[in-house]
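Got a predicted structure here, sequence first:
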Amino acid sequence: QVQLVESGGGLVQAGGSLRLSCTASRSIDSINAMGWYRRGTAKQRELVAHYTAGGATSYADSVKGRFAISRDNAKNTVILQMNSLKPEDTAIYYCHAMGFYSGGYFFNTEFWGHGTQVTVSS
């Protein structure tokens, strides 16, 4: 199992920055892929940023050049640095993990954090 705890959300003015953190209950080296999704006014969650164990990263077109995903292996934490925030970035941001290795086995299971609210005022 993997528990994910997000932090760092809040209220910021347009053009400002926020840094979201997601701390996992196990080494993130053992996790196949991690990333951030968000749910704003739309009903479905959308991918914001994502990386795989191989090091590949991907971003939603709407955040490219403004957001950056990184990892701190020592703290088992994945970070989403959000700059030049816009009101349309307002959403609940969820940390996501997909698949993990344990005891020589791979478990193809996905996990979600509870989410953290980001509100960008105009």
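Received the coordinates, thanks.

From here on, just use CA atoms for contacts and neighbour counts.
Will do.

If residue 119 is in a bridge, with which residues?
Beta-bridge partners of residue 119, counted by DSSP bridges, are residue 11.

buried ones in stretch 91-98?
Buried residues in stretch 91-98, defined by neighbour count with 16 or more other C-alpha atoms under 10 Å: 91, 92, 93, 94, 95, 96, 97, 98.

Need the max-distance pair from those.
91 and 98 (21.6 Å; C-alpha to C-alpha).

rewinding a little: can you put the buried residues of stretch 91-98 in TSV and add secondary structure, distance to residue 1 and pLDDT?
Compiled in TSV, the buried residues of stretch 91-98 are given as follows (DSSP: H, G, I helix; E, B strand; the rest coil; distance: C-alpha to C-alpha, whole Å; pLDDT from 0 to 100):
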residue	secondary structure	distance to residue 1	pLDDT
91	strand	26	96
92	strand	23	96
93	strand	21	97
94	strand	17	97
95	strand	15	97
96	strand	13	97
97	strand	10	95
98	strand	11	93
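
Tell me which helix or strand the residue nearest the centre of the chain sits in.
Compute the mean C-alpha point of the chain, and by C-alpha atoms, centre = their mean the closest residue is residue 36, 2.5 Å away. Assigned by DSSP states H and E, residue 36 falls within strand 31-39.
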